[in-house]
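# Take a look and give me a structure for this.
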Amino acid sequence: MAANSNPTVRKRRLGAELRRLRQASGLKSTEAAERLMVSQPKISHMENGRRAASPRDVRDLCAIYGVTDQQVIDSLMRMAKESGQQGWWNIYGDIPQSVYVGLEADAATVHAYEPMVIPDLLQTPAYAHAVIAETIPLLTAEQAATRLKVRLRRQHRIYDPARPLRLWAIVDESALRRVVGGPDIMREQLEHLNTLGAEPHITVQVLPYTVGAHPGLGGRFCILRFADSPEAVVHLERFTSDLYLEKPFDVQHYSVMYDHLQAQALESDSSRDFITDATKSYIGAESRA
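Model prediction:
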């Protein structure tokens, strides 16, 4: 049973295995909770990877589920122990989207659709600072600085020569036209976007206004896939709480949506030309203003 070194991924995979064992035993989560003498939400949170399962929890659940193979038990207990370790993001404290950051850190590929702003992993520091400062009310300067550090640290994955993230980003024209931080910041950002889009492991496509209605009108989403697992996770970002979809039907639904967006968006070369034209609108705009 291979387990990944990323603690977030370990928790989610351990939870999926515990859920599989519970279902195989014929027990409902309420029955498992009653036998373990814990609350039903604790069982659900462990199975969803939102709460770490201790080695003792795993040992007791294996006994409840009738698991007798000691190798399986030892493997799950080892995974539980290692899932309690901390990822790099934990040094920044209790940050929003820590679950997503952990998944992204281990993903082999990310297919992202962004209708409003440039995707996080492709943002310049100045643009990222403006997005964070201008979109989150009541954020203190310290909190904004922490979020910026985390965002820039996440970008290390696309610069990692040993394990670069395969990123496919579909960006709506709105993100190119919306002036975030001022014309100079926008010019720098769009030039940066074109530079990164020329990298062999990064694909950027623009979805122009002329496409009209399309499957992405419901909002931003991304699909994460992992090198050592056939499973995928769909991430839906919300202001106060995010959604993580893993059921095959949900993943397939969003995968088909993404296929349609890829087909409707401009090809990579045409997208670079489109971005270059959009960049020209910001040259000298600060002085004209």
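
# what's near enough to touch the nearest residue to residue 95 once chain neighbours are set aside?
Of all residues not flanking residue 95 in the chain, residue 150 sits nearest, at 5.6 Å (Cβ to Cβ, 6 or more residues apart in numbering). Any C-beta I mention is one placed from the backbone N, CA and C, and that applies to glycine too. Listed by Cβ atoms under 8 Å, 6 or more residues apart in numbering, the contact set of residue 150 reads 89, 92, 95, 101.

# Against residue 181, how distant is residue 258?
Counting by Cβ to Cβ, to the nearest Å, the gap from residue 258 to residue 181 is 29 Å.

# Looking at these two, which is more packed in?
Taking neighbours as other Cβ atoms under 10 Å, residue 258 and residue 181 compare with residue 258 leading, 21 against 18.

# from memory the more buried one sits against residue 112, does it?
No: using Cβ atoms under 8 Å, residue 258 is not in contact with residue 112; the gap is 9.1 Å.

# Overlap in contacts, those two.
In contact with both residue 258 and residue 112: residue 170, using Cβ under 8 Å, 6+ apart.

# what helix or strand does the nearest residue to residue 83 once chain neighbours are set aside sit in?
Using Cβ to Cβ, 6+ apart and skipping residues adjacent in sequence, the residue nearest residue 83 is residue 10, 3.8 Å away. Counting by DSSP states H and E, the element that carries residue 10 is helix 7-25.

# Name the residues that touch the helix or strand just after that helix?
Using DSSP H and E, the helix or strand that directly follows helix 7-25 along the chain is helix 29-36. By Cβ under 8 Å, 6+ apart, the residues outside helix 29-36 that reach it are 22, 27, 39-40, 42-44, 47, 57, 60-61, 64-65.

# what's the burial count for the residue nearest to residue 83?
The burial count for residue 10: 24, using other Cβ under 10 Å.

# Now do it against residue 38, distance only.
21 Å.
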